[in-house]
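Colleague: Pasting a predicted model and its sequence here:
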Amino acid sequence: LTAAMISGLMVMGSSAASSSYTDVADTDNVEAIEVLKSVGIMVGDESGDFNPDQKVTRNEMAVVMSNLMAYNVATYANTSPFTDVPSWAAPYVAACYAEGVTAGAGNGLYNGSGNVTAAEASLMIMKALGYFQYQNDFGDDWQLATVAQGNRIDLFTDVDSGVREAMTRNDVAQLVLNALEAGTVEAETDGSITVGDITITNNVSYKFVTSGRDYATTIND
């Protein structure tokens, strides 16, 4: 998967000055849109438009994440635990749920038709990258914790959506491209203490497994 993504970046990264979509302006995140099209993560509609200003739903974000992570969604057919997910989205949502990338809204609902916020989308992406594996990571406000960690790895570069705002397809494309450049991590801890039903994990840190960015200084031979 990494090889395929990097190959796409190498092909498009330095040359994408204009879009193959007629409805994508030069002021949109053209490079991100074209790279994700080339590797099949986000594509246009049946009319050949990308619809950059259209809001992305939680169902649609599950499709993006499944494509990003190359999940075999067919194997998750009829496994969705949610009662409000349409059939076309069910295997994608089920795959993301089973892989620990997304969670429901409570009472057996996913709220898939609701717009995905920047906090929700970035949390899904960072879980896929290997972050937020422990409850300690979320602190007192999971949304602020998500944004703080995202800023540390440049996840929000050229993304204009606010933390609690609905994301456009234009911004989701850039968010995913930034994630591809950020690289994956593995969690390390100093152990944990369990008291009754509560487990406290000590000193969670994350070691980069793969990344091409300057801040990934923990990579070794």
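Modeller: Sure thing, it's come through. Numbering: from 1, shown residues only.
Colleague: Quick one: mean pLDDT for stretch 144-159?
Modeller: Mean per-residue pLDDT for stretch 144-159: 93.
Colleague: distance between it and the chain's centre?
Modeller: Averaged C-alpha coordinates place stretch 144-159 at 12 Å from its chain's average position (C-alpha atoms, centre = their mean, to the nearest Å).
Colleague: How about it, which residues are buried there?
Modeller: By neighbour count, and taking 16 or more other C-beta atoms under 10 Å as the criterion, the buried residues in stretch 144-159 are Ala145, Thr146, Val147, Gln149, Gly150, Ile153, Leu155, Phe156, Val159. Heads up, the C-betas are built off the backbone N, CA and C, glycines and all.
Colleague: Need the CA coordinates for it. PDB is fine.
Modeller: Extracted C-alpha coordinates of stretch 144-159, given in PDB (Å, rounded to 0.1, in the frame of the first residue of the first chain):
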ATOM      1  CA  LEU A 144      -8.700  19.400  20.900                       C
ATOM      2  CA  ALA A 145      -6.400  16.400  21.500                       C
ATOM      3  CA  THR A 146      -7.000  15.300  17.900                       C
ATOM      4  CA  VAL A 147      -6.200  18.700  16.500                       C
ATOM      5  CA  ALA A 148      -3.100  19.100  18.700                       C
ATOM      6  CA  GLN A 149      -1.700  15.800  17.500                       C
ATOM      7  CA  GLY A 150      -2.700  16.500  13.900                       C
ATOM      8  CA  ASN A 151      -0.800  19.800  14.000                       C
ATOM      9  CA  ARG A 152       2.300  18.100  15.300                       C
ATOM     10  CA  ILE A 153       2.500  15.900  12.100                       C
ATOM     11  CA  ASP A 154       1.400  18.700   9.700                       C
ATOM     12  CA  LEU A 155      -2.000  16.900   9.000                       C
ATOM     13  CA  PHE A 156      -3.800  20.200   8.600                       C
ATOM     14  CA  THR A 157      -1.500  21.900   6.100                       C
ATOM     15  CA  ASP A 158      -3.700  23.700   3.500                       C
ATOM     16  CA  VAL A 159      -6.900  22.400   5.300                       C
END
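Colleague: Closest one of the buried residues of stretch 144-159 to Asp23?
Modeller: Nearest to Asp23 among the buried residues of stretch 144-159: Val159, at 19.8 Å, using C-beta to C-beta.
Colleague: Filter the buried residues of stretch 144-159 down to just the ones in helices.
Modeller: Secondary structure assignment (DSSP state H) places Ala145, Thr146, Val147, Gln149, Gly150 from the buried residues of stretch 144-159 within helices.
Colleague: Once you drop chain neighbours, what's closest to the last one?
Modeller: It stands for Gly150. The shortest distance from Gly150 to any residue other than its chain neighbours is 4.8 Å, reached at Ser122 (C-beta to C-beta, 6 or more residues apart in numbering).
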